[in-house]
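Undergrad: I would like the atomic coordinates for the input below:
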Amino acid sequence: MRKRTAAETLGEFVADSRWEAIGPGLRLSAIRTVLNHVGCALGTARDPAVQTALAVMREISAAPVATVYGQGCRLDPMAAGFVNAVAGNLLDYDDTHLRTVIHPAAPVVPVAFALAEQRGLAGAEVLHAALLGGEVACRIGNMVSPGHYARGWHITSTCGAFGAAAAAAKLLGLDAARTAHAIGIASSEAAGTVENLPSAAKNVSVGNATRHGILAALFAARGYEAAPASLEGPLGWARATGDEPDLSTITEGLGSDWEIARNTYKPYPAGIVFHAVIDAALALRAEIPSPEAIARVTVAGDALLLARGDREVRNERDARVSIHHSAALGLLRGQAGVPDFEQPAVDDAVLAGFRAKVAAALDESLPRGAARVTVELADGRTLTRTVTDPVGSAANPLSDAALDAKYRANAALGGIAPARAEAQLAALRGLAEAPTLGPLMELLA
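TA: As a prediction, the model looks like this:
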């Protein structure tokens, strides 16, 4: 008998999964993921990138049945999903699976909301689809990491398309075979490059992950098929975009040891690997007499930190993935909120001058997500702080109270009145018991 392929294994897992078998801890993880995603998206509702995405998608949308967060309108599921994915990922404030650096919610959760709203499904079905889609995205990411990202593939967009397809297949009620085909079809759609991260092209690839996942599932539902080994075959997606695929990451612990349970939530709107830099700089700030006393700063970290963050800062996208800007914010401003990564902060002469004092250094002994910040003072003293478990990491997670506070702050940025934000929070926290999405989507619209 032929051995099951990766897509077939994942297809069976998704089709056979039942919400009743999902434990309370994993259910809470699903709620936290969805809540964090919606808050991040609402915080960017007025951003020109989101408004442009909305304008483009509105022109080509079919029947308006799916809500676009914070925009007072509905589009078709693929168009609404595209805009909501862009909004959720725009500020680099969304969730992160650290091993792969995938942001699972942005490409997957909009699928769950759009199709469930279109089809009159319950809140638990949204959470279940979000969990399954996130799990598929992260497991496929594990299969091709780290070579996939190192070759320049934007892993949130590429693996996000598979997760979106899995979530869509679950909500469409596809059987194991059709779900496997949906995942396989997504292998012909999964794209996005790291080179484009400082540009609006990143928005397109993240939005397309959602749109393409829905499209893959719709085609599979109508009888389209993919090659059985579309992921790991000799000329399949995994080998085309990375090294030899590690198939054990697909099968080991599937359904019992959930990768999506390792999802983390950010306290700062910056790339996850910069959070340790910010935390270390904030800690050192208390020991320094004044910013003027700093002669030089060295930030050490692993290869990913340097590859992502040792860059010139020209715009707010650069700032969110900059070693130099992160260190400057912690040491000079003592804070790292959304305004601290926007264009006025990029153009701030004091911050720009300080960024020039910051140097990056490779230290392979530091694990991914860790950083060591060393400050040399004008009087000759040297101060050092190493952070291996920054706030928001799996070992030092955000509390529910902190996650709710982050939601409120993002909602305020999006122009949401405090009373409405509280009603949204209550509805999201109670999503598992909601018989329909109508009341929640009215609040989010």
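
Undergrad: CA atoms for contacts and neighbours, from now on please.
TA: Noted.

Undergrad: Give me the domain ranges for the protein.
TA: Taking automatic domain parsing as the domain assignment, the record places the domains of the chain at 6-265+401-444, 272-387.

Undergrad: Go through these and name the closest to Ala395.
TA: Each of those was checked against Ala395 via C-alpha to C-alpha, and the shortest separation belongs to domain 6-265+401-444, namely 9.5 Å.

Undergrad: pLDDT of the closest one, averaged?
TA: Confidence over domain 6-265+401-444 (mean pLDDT, whole number) is 97.

Undergrad: can you map out the strands along this structure?
TA: Listed in chain order, the strands of the chain (DSSP state E) span residues 66-68, 73-75, 294-301, 358-362, 371-377, 382-387.

Undergrad: List the neighbouring strands of the second one plus their orientation.
TA: By that I understand strand 73-75. The sheet places strand 73-75 alongside strand 66-68 (antiparallel), with pairing taken from DSSP bridges.

Undergrad: mind giving me TSV with the domains of the chain and columns for mean neighbour count and distance to Ala394?
TA: Shown next, in TSV, are the domains of the chain (neighbours: other C-alpha atoms under 10 Å; distance: least, C-alpha to C-alpha, whole Å):
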stretch	mean neighbour count	distance to Ala394
domain 6-265+401-444	22	6
domain 272-387	20	11
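
Undergrad: of all those, which lies closest to Ser393?
TA: Distances from Ser393 to each of those were compared using C-alpha to C-alpha; the shortest belongs to domain 6-265+401-444, at 5.8 Å.

Undergrad: Now do that closest one: distance to the chain's middle.
TA: Centroid displacement of domain 6-265+401-444 relative to its chain, using C-alpha atoms, centre = their mean, to the nearest Å, is 9 Å.

Undergrad: what about it, start to end distance?
TA: Start to finish, the residues bounding domain 6-265+401-444 are 37 Å apart (C-alpha to C-alpha, to the nearest Å).

Undergrad: thinking again about what came up before, would JSON lines of the domains of the chain with distance to Ala395 be doable?
TA: As requested, the domains of the chain are arranged in JSON lines below (distance: least, C-alpha to C-alpha, whole Å):
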{"stretch": "domain 6-265+401-444", "distance to Ala395": "9"}
{"stretch": "domain 272-387", "distance to Ala395": "11"}
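
Undergrad: Can you lay out the strands of the chain as CSV showing distance to Lys170?
TA: Output for those, formatted as CSV (distance: least, C-alpha to C-alpha, whole Å):
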stretch, distance to Lys170
strand 66-68, 18
strand 73-75, 21
strand 294-301, 40
strand 358-362, 43
strand 371-377, 40
strand 382-387, 40
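
Undergrad: nearest to Thr436, of these?
TA: Nearest of the strands of the chain to Thr436, taken as C-alpha to C-alpha: strand 66-68 at 13.4 Å.

Undergrad: any idea of the pLDDT on the residue with the largest distance to the centre of the chain?
TA: Here the chain reaches farthest from its C-alpha mean at Asp379, the gap being 42.6 Å by C-alpha atoms, centre = their mean. According to the predicted model, the pLDDT of Asp379 comes to 93.

Undergrad: nearest residue to it other than its sequence neighbours?
TA: With sequence-adjacent residues excluded and distances taken as C-alpha to C-alpha, 6 or more residues apart in numbering, Asp379 is closest to Ala293, at 7.7 Å.

Undergrad: and what of Thr249?
TA: Of all residues beyond its chain neighbours, the one nearest Thr249 is Met143 (5.6 Å), with distances taken as C-alpha to C-alpha, 6+ apart.

Undergrad: from what I can see that neighbour touches Asp246, true?
TA: Yes - Met143 lies in contact with Asp246 (C-alpha atoms under 8 Å); the separation is 4.7 Å.

Undergrad: Just the pLDDT for the residue nearest to Leu398 when sequence neighbours are not counted.
TA: Residue nearest to Leu398 in three dimensions, not counting chain neighbours: Gly392, with 4.9 Å by C-alpha to C-alpha, 6+ apart. At Gly392 the predicted local distance difference test score is 94.
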